[in-house]
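1. task: produce atomic coordinates for the following.
(one chain, ligands or ions: 1)
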Amino acid sequence: MRNLYWFRNDLRLHDHPGVLEAAQCDELLLVYLWPRQRPWCNTQGLGEQRTRFVTESLQALNAELQGVGQRLLVLQGSAELVIPDLVRDYNIHAVHTSQATGSYEQNTIATLGKRLDVPLSVHRGNTLFSKGAVASLSTTLARTFSPFRRKVEKHLTADSETPTPVRLPPPVGADFHKIPAAPCKPHLAMPIRGGADAGKRRLRQFLREDGGIREYKETRNGLDPLDGSSTLSPWLANGSLSVRTVAATITEHEKEFGANESTYWLYFELLWREFFYWRALEDGDALFRAGGRDSAVYRCTFEPRNYARWCAGDTNFPLVNALMHQLVETGWMSNRGRQIAASCLIHDLGIDWRYGAAFFEKHLIDYDVGSNYGNWQYIAGVGSDPRGGRAFNLEKQSNTYDPDGLFTAKWDGFRPKQPDYVTDAADWPISPSGI
Ligand code: FAD
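-> This is a model prediction of the structure:
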């Protein structure tokens, strides 16, 4: 019997119930389809650092697979077309994959299920709790974070990890191509690489070696990676690190060194991730609507010059410029930075939040559909924020988080001031002197 496992955001072998299940066969075909960002909101394709991180994650997974007698087949194309062809060409008996959020991802699974004439099993994704456990909390998923968190903390504990396979069935004799080389190196300011080993190393470092977790609650608003916050998001987002492994390691740490506010807070942040995951699954297409799930009236504009300036980090807000340069050059931005840059686009430049979310999607090495679009909606006031949106005072944020301007200078944020508008409402140039 031959099975096919389609990897998505689960690029690991540790704690992987889907692979264990798919491995109940004589021969196994392991497949990954290269992610595509369709043209959407003036953005297309993946940024260089995001491409690098995906490539490294695949290379690392392939190396790990070779150690258990397997290989990864990496292909381009849409799952609806590619997977039925593979099933036919290689005489596959069952297809397995793991659950992913996002309406495109949901539609793909639904279409694939109809096109395949073999069984399709969707296993649990990279979440702390199973779908059934979350559904058991109440008939409707909480609309805001706090009620969700309170219920989860009272009734659920993170699921335990499954064992890592020591051997997998041999690969189906397919034409395995070499995974292409990464297009660039990591930026020196964000020297991390894709793959489960690198993710586990960072987890060990933050929870054991440098003890960063002990004061995480006070340091997590820092603007630099690997210095303050855990910086685990890149591996968590593409599933090369299991979130259940992170939760189990926090518990071990607390048993050995004692719990404090900071150790709790790391788990608390994982619950935010969890919340946005389940909300995205429930909200479907509404996650991409300007007015969100309630189709709220959302007032915004699209002023191309201001959007281009925001993307290029050339606005009249130095800290925002620095953050945008950090994003494009490293593929990462801190949580505080994301809030500031998003608030600027939405509340200072008045631009439709989805254009900002699409730009983040292109560049973030930790891009995750639920966390990205959910957080953007939150700041725009069309999602899960009980206060109806967050507008940050950019000057105050700069004074608090970069009081000496060192971060802003490091990332070349100080730019010459420019007029906000260079054309009038009828699109005529406005003369600089106002004549
Ligand atoms: P830590 O502070 O160490 O937190 C630990 C983990 O908890 C993170 O790795 C992450 O998995 C989770 N987490 C923390 N804060 C959040 C949050 N607000 N929402 C969801 N999960 C959270 N996170 C992504 O993983 N992918 C995204 O595409 C993404 N887009 C964002 C867009 C905007 C506009 C904003 C405001 C936030 C976004 N976030 C996203 C959430 C958050 O900024 C990042 O998870 C965090 O900065 C990653 O750094 P860290 O691993 O050091 O986080």
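
2. just for the stretch 301-435 of the chain, where's the confidence low?
-> In the predicted model, the stretch 301-435 of the chain carries pLDDT under 70 at residues 432-435.

3. interface residues of it facing the ligand?
-> For the stretch 301-435 of the chain, the residues in contact with the ligand (CB under 6 Å from any ligand atom) are 334-335, 338-339, 342, 360, 364, 366-368, 371-372, 375-376, 379. C-beta coordinates here come from the backbone N, C-alpha and C atoms, glycine included.

4. inside strands: which ones of those residues?
-> In strands, judged by DSSP state E, none of these are found.

5. buried members of these into PyMOL, please.
-> Listed next is the PyMOL selection for buried residues among those, using 16 or more other CB atoms under 10 Å:
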select buried, resi 334+335+338+339+342+360+364+366+367+368+371+372+375+376+379
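
6. number of residues surrounding the residue in the stretch 51-200 of the chain that the ligand sits nearest to?
-> Across the stretch 51-200 of the chain, no residue is closer to the ligand than residue 145, which sits at 9.1 Å (CB to the nearest ligand atom). With neighbours defined by other CB atoms under 10 Å, the count for residue 145 comes to 20.

7. between the residues of the stretch 301-435 of the chain next to the ligand, which is nearest residue 254?
-> Taking CB to CB as the measure, residue 254 lies nearest residue 335 of those, at 22.6 Å.

8. residue contacts, the residue lying closest to the closest one once chain neighbours are set aside?
-> The shortest distance from residue 335 to any residue other than its chain neighbours is 6.7 Å, reached at residue 229 (CB to CB, 6 or more residues apart in numbering). Residues in contact with residue 229 (CB atoms under 8 Å, 6 or more residues apart in numbering) are 216, 219-222, 334-335.

9. who's in contact with residue 332?
-> So residue 332 contacts 49, 190, 225, 231, 233-234, 326, 364-366 (CB under 8 Å, 6+ apart).

10. buried subset of those residues?
-> Buried among those (16+ other CB under 10 Å): 49, 190, 225, 231, 233-234, 326, 364-366.

11. closest one of these to the ligand?
-> The closest of the buried ones among the contacts of residue 332, once distances to the ligand are taken by CB to the nearest ligand atom, is residue 233, at 3.3 Å.

12. which bits of the stretch 101-250 of the chain sit near the ligand?
-> 220, 229-233, 236-237.

13. among those, which one sits closest to residue 208?
-> Using CB to CB, the shortest approach to residue 208 within these belongs to residue 230, at 12.6 Å.

14. phi and psi next, for the closest one.
-> With angles defined as degrees, to the nearest 10, residue 230 sits at phi -70, psi -30.
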